[in-house]
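Chemist: Turn this into a model:
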Amino acid sequence: MSSLIRFGVSLDKQLLDSFDNLIKTKGYSNRSEAIRDLIRDELVRLEWRAGREVAGTISLVYDHHTPGLSSKLTDIQHTSPDIIISTQHIHLDHHNCLEIIVTKGDPRDIEKLAALLKAARGVKHCALSMATTGKNLA
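Modeler: Numbers count the residues shown, from 1 in each chain. Reported below is the predicted structural model:
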């Protein structure tokens with residue numbers, strides 16, 4: 001027996017039409033898959049707010065010619081060895097680098113690390129992407 005449960009949802013026609021257009025542009029084959037992803041996204045946000053162990057990525061773009069910046073970013077990362085799982089450094093062009101930092105741990109520690117990296121003079125862009133360890137999601 002499957003644990004799949006069907007249920008009905010009542011929506012205003014205009015809202016449903018907008019939702020159908022949205023899921024079509026995102027490539028979903030049906031509403032159920034789109035709704036499952038929306039629910040999972042919210043559950044991941046709840047994990048972060050609840051302080052559970054989470055995973056995430058921090059993406060940085062910076063000019064590696066900025067004096068002292070590479071060293072500063074490395075020093076900041078060395079303050080958080082318990083939450084950094086992996087880093088990847090990519091040369092985008094002669095000046096710009098993309099660094100991806102994979103994290104796992106307390107969401108407050110990950111957010112603090114992202115804020116410190118973002119505040120470093122010379123960082124052009126920094127984004128934190130919330131993810132989950134998957135332990136609490138079906």
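Chemist: C-alpha from now on. contacts and neighbour counts both.
Modeler: Fine.
Chemist: Run a quick neighbour tally on residue 20.
Modeler: A count of nearby residues for residue 20, using other Cα atoms under 10 Å, gives 16.
Chemist: Please apply the same query to residue 104.
Modeler: Other residues near residue 104 number 20, with proximity taken as other Cα under 10 Å.
Chemist: On the three-state scheme, it is what?
Modeler: At residue 104, secondary structure determined by DSSP: H, G, I helix; E, B strand; the rest coil is strand.
Chemist: Wait, it touches residue 84, no?
Modeler: Yes: counting by Cα atoms under 8 Å, residue 104 touches residue 84, with 6.5 Å between them.
Chemist: Check the protein for its longest helix and report it.
Modeler: Among the elements of the chain assigned as helix by DSSP state H, the one spanning the most residues is helix 31-50.
Chemist: Now do the next helix or strand after that one against helix 31-50, angle only.
Modeler: Beyond helix 31-50 in the direction of the C-terminus, DSSP states H and E gives the next helix or strand as strand 54-63. Between the direction of strand 54-63 and that of helix 31-50, the angle (axes from the mean of the first three to the mean of the last three Cα atoms, to 10 degrees) works out to 90 degrees.
Chemist: any idea of the mean pLDDT in strand 54-63?
Modeler: Model confidence over strand 54-63 averages 97 on the pLDDT scale.
Chemist: How about exporting the following helix or strand past that strand as PDB, limited to the C-alpha atoms?
Modeler: The first helix or strand that comes after strand 54-63 along the chain, using DSSP H and E, is helix 69-78. Included here for helix 69-78 are C-alpha records, laid out as PDB according to Å, rounded to 0.1, in the frame of the first residue of the first chain:
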ATOM      1  CA  LEU A  69      41.300  40.000   0.500                       C
ATOM      2  CA  SER A  70      42.100  36.400  -0.300                       C
ATOM      3  CA  SER A  71      44.000  36.200   3.000                       C
ATOM      4  CA  LYS A  72      41.100  37.800   4.900                       C
ATOM      5  CA  LEU A  73      38.600  35.400   3.400                       C
ATOM      6  CA  THR A  74      40.800  32.500   4.300                       C
ATOM      7  CA  ASP A  75      41.200  33.800   7.900                       C
ATOM      8  CA  ILE A  76      37.400  34.200   8.300                       C
ATOM      9  CA  GLN A  77      36.900  30.700   7.100                       C
ATOM     10  CA  HIS A  78      39.400  29.300   9.500                       C
END
